[in-house]
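Engineer: here's my sequence, what's the structure:
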Amino acid sequence: MEMITEGLMKNYNRYGNFSCPCRDAEGVREKDKDMICPCDYCVPDQKEFGHCYCGLYLTEEFYNTGKEPAGIPERRKS
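Structural biologist: Purely as a prediction, here's the structure:
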């Protein structure tokens with residue numbers, strides 16, 4: 001989790017927004033706006049997998065299982 005929060009801060013200092021540290025930002029807000037945390041894919045990922053791509057946002061149900069977030073498919077189109 002610490003790596004994710006450090007990545008968010010690094011991206012904020014670099015780009016002026018909290019773009020997802022688990023994806024490659026271009027540094028152009030208009031191109032990256034779908035991946036500013038919480039990204040546009042957060043809720044669909046939570047609904048399907050119980051957590052977002054980064055594992056930063058969990059549903060209560062997933063949290064209560066005690067499981068660790070695992071890798072999930074990338075929804076963002078390149």
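
Engineer: only C-alpha atoms from now on, for both contacts and neighbour counts.
Structural biologist: Will do.

Engineer: can you report how many residues lie near Glu6?
Structural biologist: By other CA atoms under 10 Å, the residues close to Glu6 number 12.

Engineer: mind checking which helix or strand the residue nearest the centre of the chain is in?
Structural biologist: For the chain, the residue nearest the mean C-alpha position is Cys54 (4.4 Å; CA atoms, centre = their mean). For Cys54, there is no enclosing helix or strand under DSSP states H and E.

Engineer: repeat for Tyr12
Structural biologist: helix 2-15.

Engineer: show me what contacts the residue nearest to the centre of the chain?
Structural biologist: Contacts for Cys54 (CA atoms under 8 Å, 6 or more residues apart in numbering) come out as Ile4, Cys22.

Engineer: if we can go back for a sec, any idea of the mean pLDDT for the helix or strand just after the helix holding Tyr12?
Structural biologist: Sequence-wise, the next helix or strand downstream of helix 2-15 (DSSP H and E) is helix 29-32. Averaged across helix 29-32, the pLDDT comes to 94.

Engineer: can you report how many residues lie near Ile72?
Structural biologist: Ile72: 14 surrounding residues under other CA under 10 Å.

Engineer: what does Tyr53 give?
Structural biologist: Neighbour count of Tyr53, defined by other CA under 10 Å: 23.

Engineer: now it. Nearest residue, chain neighbours left out?
Structural biologist: In space, and not counting its chain neighbours, Tyr53 is closest to Ile72: 6.2 Å by CA to CA, 6 or more residues apart in numbering.

Engineer: quick check: the one you found is in a helix.
Structural biologist: No: counting by DSSP: H, G, I helix; E, B strand; the rest coil, one finds Ile72 to be coil, located in no helix.
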